[in-house]
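Enquirer: build me a model:
(one chain, ligands or ions: 1)
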Amino acid sequence: MGYNIAIDGPAGAGKSTIAKKVAKELGYIYVDTGALYRGMAVYFLENGVSTEQIDKIGLMCKDAVVTLGYEEGVQQVYLNGENISGKLREEEVGKMASVSSAIKEVRMQLLELQRDLALKENVVMDGRDIGTNVLPNAETKIYLTASVETRAKRRFLELQEKGIPCVLEKIAKDIEDRDYRDMNREVAPLKQAKDAVYIDSSEMSIDEVVAEILKHCK
Ligand code: DC
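Expert: Numbering: from 1, shown residues only. This next block holds a predicted model:
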């Protein structure tokens, strides 16, 4: 059994940046579970499913085999054997992942994969239901959040740096919509586990958050 650190929280709270740093500091494997849901979403989009056709998703997901690998320590996602890591961050894929991750069949299919990884390795796993559902016995649980304004501003600056045109208000609205979907779905909604440490990173630097998390890892 590995040592398991679960980091949950809403989109844009800085989970992946922080989880990666914590993993590096401890020599653990970082598992980005959102990438698994995004991998499934790529399959649905490539097979012509839109976010309005959720009834099709439950039946289709059996044909989408998503697996993880590591290249020079960087997580890679494979869809039916093909490395699709380059497609995961597209806006459309994020939206589809937020919708399709509410479907019970999708979640069931990815559950074993996540638990298997955590059984074999010391992991820092980030997502929405890791501490509540995937790894309820994780040794350390963190609920990492930040205000909608802070998260929208961070995303706005990130896109601007990449030269991608964007509107702050639209980003904030998308974040609110995604929070609503992730927190109000029936299956495994995003919520703080009873035994999770709550961290609001709105006024904290990345290194401060990493240091705070490390304090809670024995
Ligand atoms: O963290 P992310 O933005 O890459 O995740 C994409 C979507 O996947 C997100 O809207 C919610 C879903 N997700 C989930 O339901 N459970 C997880 N453990 C991780 C992500």
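Enquirer: please point out which parts of stretch 22-33 sit buried.
Expert: Neighbour counts over stretch 22-33 (16 or more other C-beta atoms under 10 Å) mark V22, A23, L26, Y28, I29, Y30, V31, D32, T33 as buried. No exception for glycine: its C-beta is placed from N, CA and C like everyone else's.
Enquirer: and for stretch 184-191?
Expert: R185, A188, L190, K191.
Enquirer: for stretch 164-180, same thing?
Expert: Buried residues in stretch 164-180 (16+ other C-beta under 10 Å): I171, A172, D174, I175, R178, D179.
Enquirer: which ones are touching N83?
Expert: Taking C-beta atoms under 8 Å, 6 or more residues apart in numbering as the criterion, N83 is in contact with G69, Q76, V77.
Enquirer: ok, of the buried residues of stretch 22-33, which one's closest to the ligand?
Expert: Ranked by distance to the ligand (C-beta to the nearest ligand atom), those are led by T33 at 3.9 Å.
Enquirer: in this structure the closest one contacts D126, no?
Expert: Yes. If you go by C-beta atoms under 8 Å, T33 and D126 touch, sitting 6.6 Å apart.
Enquirer: show me what from this structure comes close to the ligand.
Expert: Counting by C-beta under 6 Å from any ligand atom, the residues of the chain close to the ligand are 11, 33-34, 37-38, 94, 97-98, 101, 127-130, 178, 182.
Enquirer: hmm, 8 Å instead?
Expert: Residues of the chain lying near the ligand by C-beta under 8 Å from any ligand atom: 8, 11-12, 15-16, 32-38, 41, 88, 94, 97-98, 101-102, 107, 110, 114, 126-130, 134, 178, 181-182, 185, 188, 190.
Enquirer: wasn't K191 part of a helix?
Expert: No. Going by DSSP: H, G, I helix; E, B strand; the rest coil, the assignment for K191 is coil, not a helix.
Enquirer: what about it, distance to the ligand?
Expert: Counting by C-beta to the nearest ligand atom, to the nearest Å, the gap from K191 to the ligand is 12 Å.
Enquirer: which residues touch that residue?
Expert: Going by C-beta under 8 Å, 6+ apart, K191 touches T132, M183.
Enquirer: go on, N4?
Expert: A118, N122, V123, M125, L135, N137, A138, E139, T140.
Enquirer: my guess is Q114 contacts V134, does it?
Expert: Yes. Assessed by C-beta under 8 Å, Q114 is found in contact with V134 at 4.9 Å.
Enquirer: comparing the two, which residue is more hemmed in?
Expert: Counted by other C-beta atoms under 10 Å, Q114 and V134 do not tie: V134 has more neighbours, with 26 against 22.
Enquirer: isn't I206 right up against T17?
Expert: Yes. I206 lies in contact with T17 (C-beta under 8 Å); the separation is 6.0 Å.
Enquirer: which one is the residue nearest the centre of the chain nearest to, not counting chain neighbours?
Expert: The residue lying closest to the centre of the chain (C-alpha atoms, centre = their mean) is G34, at 3.0 Å. Excluding its sequence neighbours, the residue lying closest to G34 (C-beta to C-beta, 6 or more residues apart in numbering) is G127, at 6.1 Å.
Enquirer: tell me the bridge partners for the one you found.
Expert: In this entry, G127 is beta-bridged to D8, by DSSP bridges.
Enquirer: that's all I had, so thanks and see you.
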